[in-house]
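1. Dropping a prediction and its sequence here:
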Amino acid sequence: SDADSQKAMGSRRRHLALGLAAFTTLVLCAIQPGAQLLPVSTIFWTPAHIGGVALSRDGRQLVFVGSDGGIRSDTWLKDLRTGRVSRLEVDGQPGGIDSPLFSPDGQWIAFKSWKTRSLRRVRVSGGTSVRIADARNMGTFEWADDGRIVFTRFQLQPERKHEIWRVRADGGEPELVAALPEPQSFRDDIHVLPGSRAALITLSDLRTPVRVVVQPLDGAASHVVLTSASFARYVASARQLVFQSGDRPGAARLASVPFDVESLRGAGPVTPLDVDASKFVVSSNGTLVHVANPVELVRIYRDGRRVP
């Protein structure tokens with residue numbers, strides 16, 4: 001019935017929790033179940049850029065990189081339970097780190113170091129980092145359930161191509177997973193699904209709409225799961241994909257769709273979400289944080305209310 005359809009749509013819209021950033025000073029916040037507003041922090045300088053942002057899988061910790069547009073950047077941790085904010089100090093990385101990402105258990109942070117051209121990991125308490133792999137030509141990466149880090153790599157020689165590789169988080173020799181078709185259309189984005197069997201990637205070119213593709217990590221053939229969509233992320237608690245909806249990569253309007261991780265296919269209709277986000281992260285339990293423009297701070301409750 002129409003009433004049942006409206007009820008289902010309302011339920012899908014309420015399953016996410018949202019954070020919105022920023023002012024001329026860096027401000028991030030997140031909303032968890034119960035419409036609890038959790039401000040991340042207002043940083044003491046005025047950053048021109050918010051870099052990498054990541055959430056732990058349980059939605060309890062946030063890490064982000066802020067810079068003033070020059071050489072200065074710092075990495076910040078926010079405990080979303082206690083409200084505590086701390087700078088992540090990594091030995092030998094005075095200029096900060098790039099692309100921070102939590103381990104599945106939330107105890108480690110993987111990152112790229114341009115100083116040493118390597119992928120590294122450090123405990124959330126900071127200190128000495130450990131080398132994982134060479135980061136030259138490395139694109140985006142994710143720490144999978146099976147303890148391996150899956151990453152994209154752009155190769156120029158002997159021919160131009162994009163590839164997916166993986167390496168154990170404790171180090172070792174990286175292995176090639178798949179060479180992607182249509183290398184000219186690949187968007188540097190990867191998201192490993194639960195079970196570490198497959199990853200979501202974004203493809204786009206001039207001939208076809210931007211699309212989200214499932215790439216099995218055993219090298220099997222990929223297949224399209226969403227068109228006019230990009231940068232999809234799986235929310236385990238809701239069994240949904242959250243993605244940017246639109247015909248161009250990085251389109252800001254968010255939407256969600258039911259997704260079956262066993263069959264690796266969509267399992268229902270797309271539901272638009274009343275959120276614009278050119279950059280977002282979401283945890284397994286539905287906590288979502290994004291950087292928003294224009295500059296404003298908004299609380300979005302699960303019933304859809306927006307409060308400046």
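-> Here it is on my side, so go on. A quick note: this is a predicted structure, and the numbers were derived from the prediction, not measured. Residues are numbered from 1 along each chain as shown.

2. correct me, but Lys161 touches Asn137?
-> No - taking contact to mean Cβ atoms under 8 Å, the distance of 10.9 Å between Lys161 and Asn137 leaves them out of contact. For every residue, glycine as well, the C-beta is placed using N, CA and C.

3. Spell out which residues are contacts of both of these two.
-> Listed contacts common to Lys161 and Asn137 are Phe154, Gln155; contacts here mean Cβ atoms under 8 Å, 6 or more residues apart in numbering.

4. For stretch 199-206, output the C-alpha coordinates as CSV.
-> Presented in CSV, the C-alpha positions along stretch 199-206 are these (Å, rounded to 0.1, in the frame of the first residue of the first chain):
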residue,chain,number,x,y,z
ALA,A,199,35.3,-4.3,-3.7
LEU,A,200,33.2,-1.4,-5.1
ILE,A,201,34.9,0.9,-7.6
THR,A,202,33.7,4.0,-9.6
LEU,A,203,34.0,4.1,-13.4
SER,A,204,33.2,7.0,-15.7
ASP,A,205,33.9,8.0,-19.3
LEU,A,206,32.5,10.2,-22.0
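
5. And that stretch, what's buried?
-> For stretch 199-206, the neighbour count (16 or more other Cβ atoms under 10 Å) marks Ala199, Leu200, Ile201, Thr202, Leu203, Ser204 as buried.

6. Now do the contacts for the residue nearest to Val150 when sequence neighbours are not counted.
-> Using Cβ to Cβ, 6 or more residues apart in numbering and skipping residues adjacent in sequence, the residue nearest Val150 is Arg166, 4.5 Å away. For Arg166, the set of contacting residues under the criterion of Cβ under 8 Å, 6+ apart consists of Ala144, Arg148, Ile149, Val150, Phe151, Pro174, Glu175, Val177, Leu217.

7. out of those residues, which are buried?
-> With neighbours counted by 16+ other Cβ under 10 Å, the contacts of Arg166 contain buried members at Ala144, Arg148, Ile149, Val150, Phe151, Pro174, Val177, Leu217.

8. The fourth one sits in which helix or strand?
-> With secondary structure defined by DSSP states H and E, Val150 is part of strand 148-155.

9. Paired strands for the next helix or strand after that strand, with orientation please.
-> Remark: after strand 148-155, the chain's next helix or strand is strand 161-168, criterion DSSP H and E. With DSSP bridges as the criterion, the sheet partners recorded for strand 161-168 are strand 148-155 (antiparallel), strand 175-179 (antiparallel).

10. what are the phi and psi angles of the closest residue to Ile132 other than its chain neighbours?
-> With sequence-adjacent residues excluded and distances taken as Cβ to Cβ, 6+ apart, Ile132 is closest to Leu119, at 4.5 Å. Recorded main-chain torsions at Leu119 are phi -90, psi 130, according to degrees, to the nearest 10.

11. quick one: Leu119 and Ile109 touch, right?
-> No - Leu119 lies out of contact with Ile109 (Cβ under 8 Å); the separation is 11.6 Å.

12. in this protein, which helix or strand is least confident?
-> The least trusted helix or strand in the chain, going by mean pLDDT, DSSP states H and E, turns out to be strand 17-21, with a mean of 33.

13. if we can go back for a sec, more neighbours, Leu119 and Ile109?
-> For Leu119 versus Ile109, the count of surrounding residues by other Cβ atoms under 10 Å is larger for Ile109: 27 against 24.
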